[in-house]
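S.K.: Generate coordinates for the sequence data below:
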Amino acid sequence: MPELKAVYNVSEQVEPSSAKPYVILASSTDSGGSLWKGLRYPIEVSLYVDKTSPEQLKSIADSITETLNNQLLEDELNDKWLTLYPQQSVAEAIDEGQQAIKRTMIFTVICPRPLTAESQVTSDEWLTAIAAWTRELLGQEWSIYSGAWPLQPSVPAVMWRVSEMGITPKGTSSFEIQKRMTAFIQGVDSDQEHAALLQLLEALGTSTRLPLNQADRRYLTVSEPKVNSKVTANGYTNQGEGPLTVTLSGRTNRQPAGTEGPLMQFVHYEPNLR
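M.R.: Sure, this is the predicted structure:
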């Protein structure tokens, strides 16, 4: 948009002397409900032109909508976002503080998803264990998913995903595996989501271990449960995590593939060495 002198985020300080025309971007409240978290993100685009040049308002606003409408964008996580512009979302006002005429347009940014349901992760017994623990804690009313949301998840629901993994040698044959788990919560309203978040956090905070296989008396160590305060309006942090994370760790005596030492095939003994 060569007509614009600058594009600002709503958190940036814009002075009355700033060169016009310019645009200020701000997030808007999504009225679509929690089922749209991560899929729809309204953005307010406020255009400011000088009070002495009101004729610029319509021409530049039309250019902005033509440029952004039906535009496919990509973020730093390689997610694709489609911008749509509903024609009725227009508001004009005079901003005396900025000595400008302002037109605000609300664009809806949506993240297209495949129409096939993503499969649940069943091969990771750690995910299965924390999913079973969560179901027992919250009750049968809650649906618990592992690894990915289905196309149409039941509500209320919690989805656990592995966000980080690591392994640390402990001696010559023992290893400690660490997995950072993150939870995403969808409730019928924000109050139910908040209550479930607190319940999970308190239970993890007072637990030192989580059952992996009670028949074999195998348990996982629970550490660092915390709430992510920097979750955006789409329900994710910038690192792709949900509002709750916890680290699980456990030891294993099995060496990872490819780390086995050379095998001794035979021993030769010479008794007369000098």
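S.K.: and the nearest residue to Thr108 once chain neighbours are set aside, how many residues sit next to it?
M.R.: Among residues not flanking Thr108 along the chain, Leu84 sits closest, at 4.8 Å (C-beta to C-beta, 6 or more residues apart in numbering). For the C-beta atoms, the positions are set from N, CA and C on the backbone; glycine is no exception. The tally of other residues near Leu84 (other C-beta atoms under 10 Å) stands at 13.
S.K.: Mind pulling up the pLDDT for Leu84?
M.R.: With respect to pLDDT, Leu84 scores 79.
S.K.: The helix or strand bottoming out on mean pLDDT in the chain packs against which elements?
M.R.: When each helix and strand of the chain is scored by mean pLDDT, DSSP states H and E, strand 80-84 comes last, with a mean of 77. Applying 3 or more C-beta pairs under 8 Å, 6 or more residues apart in numbering; DSSP states H and E, one finds that strand 80-84 makes contact with strand 71-74, strand 100-110.
S.K.: list the contacts for the residue nearest to Thr108?
M.R.: Shown in contact with Leu84 (C-beta atoms under 8 Å, 6 or more residues apart in numbering): 69-70, 107-110.
S.K.: Show me the helices in this structure, by range?
M.R.: Secondary structure of the chain (DSSP state H): helices at 55-68, 125-138, 190-205.
S.K.: that older thread, just checking: what are the partner strands of the least confident helix or strand of the chain?
M.R.: Strand 80-84 sits in its sheet next to strand 71-74 (antiparallel), strand 100-110 (antiparallel), going by DSSP bridges.
S.K.: mind checking how far Pro2 is from Ile43?
M.R.: Distance from Pro2 to Ile43, counting by C-beta to C-beta, to the nearest Å: 21 Å.
S.K.: that older thread, show me what counts as buried in the least confident helix or strand of the chain.
M.R.: Judged by neighbour count using 16 or more other C-beta atoms under 10 Å, the buried positions of strand 80-84 are 81, 83.
S.K.: re the thing from before, rank the strands paired with strand 80-84 by mean pLDDT and give me the bottom one.
M.R.: Ranked by mean pLDDT, the strands paired with strand 80-84 bottom out at strand 71-74, with a mean of 80.
S.K.: How about residues contacting that strand?
M.R.: By C-beta under 8 Å, 6+ apart, the list of residues contacting strand 71-74 reads 80-83, 109.
S.K.: who's the closest residue to Gly250 other than its chain neighbours bridged to?
M.R.: Nearest non-adjacent residue to Gly250, counting by C-beta to C-beta, 6+ apart: Leu220, 4.8 Å away. For Leu220, the beta-bridge partners are Leu210 (DSSP bridges).
S.K.: mind listing the strands in the stretch 151-274 of the chain by residue range?
M.R.: Ranges of strands within the stretch 151-274 of the chain are 157-170, 174-186, 209-213, 218-227, 244-252, based on DSSP state E, counting those that start in this stretch.
S.K.: just checking, which of the helices and strands packed on strand 80-84 sits deepest inside the structure?
M.R.: Across the helices and strands packed on strand 80-84, averaging neighbours per residue (mean count of other C-beta atoms under 10 Å) puts strand 100-110 on top, at a mean of 19.
S.K.: where does the stretch 1-150 of the chain dip in pLDDT?
M.R.: Applying pLDDT under 70 to the stretch 1-150 of the chain flags residues 28-39, 77-79, 86-89, 112-118.
S.K.: Just put the helices and strands packed on strand 80-84 in TSV and tack on distance to Ser143.
M.R.: As requested, these are exported to TSV (distance: least, C-beta to C-beta, whole Å):
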stretch	distance to Ser143
strand 71-74	31
strand 100-110	24
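S.K.: right, and these - which one's nearest Ala195?
M.R.: Nearest of these to Ala195, taken as C-beta to C-beta: strand 100-110 at 28.6 Å.
S.K.: CA-only coordinates of that closest one in CSV, if you can.
M.R.: In CSV, the C-alpha atoms belonging to strand 100-110 read as follows (Å, rounded to 0.1, in the frame of the first residue of the first chain):
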residue,chain,number,x,y,z
ALA,A,100,-7.6,13.2,11.6
ILE,A,101,-10.6,11.5,10.1
LYS,A,102,-10.8,7.8,11.0
ARG,A,103,-12.5,4.9,9.3
THR,A,104,-12.5,1.6,11.1
MET,A,105,-12.9,-1.6,9.1
ILE,A,106,-13.1,-5.1,10.7
PHE,A,107,-11.6,-7.9,8.8
THR,A,108,-12.2,-11.5,9.7
VAL,A,109,-9.1,-13.7,9.5
ILE,A,110,-9.8,-17.4,9.4
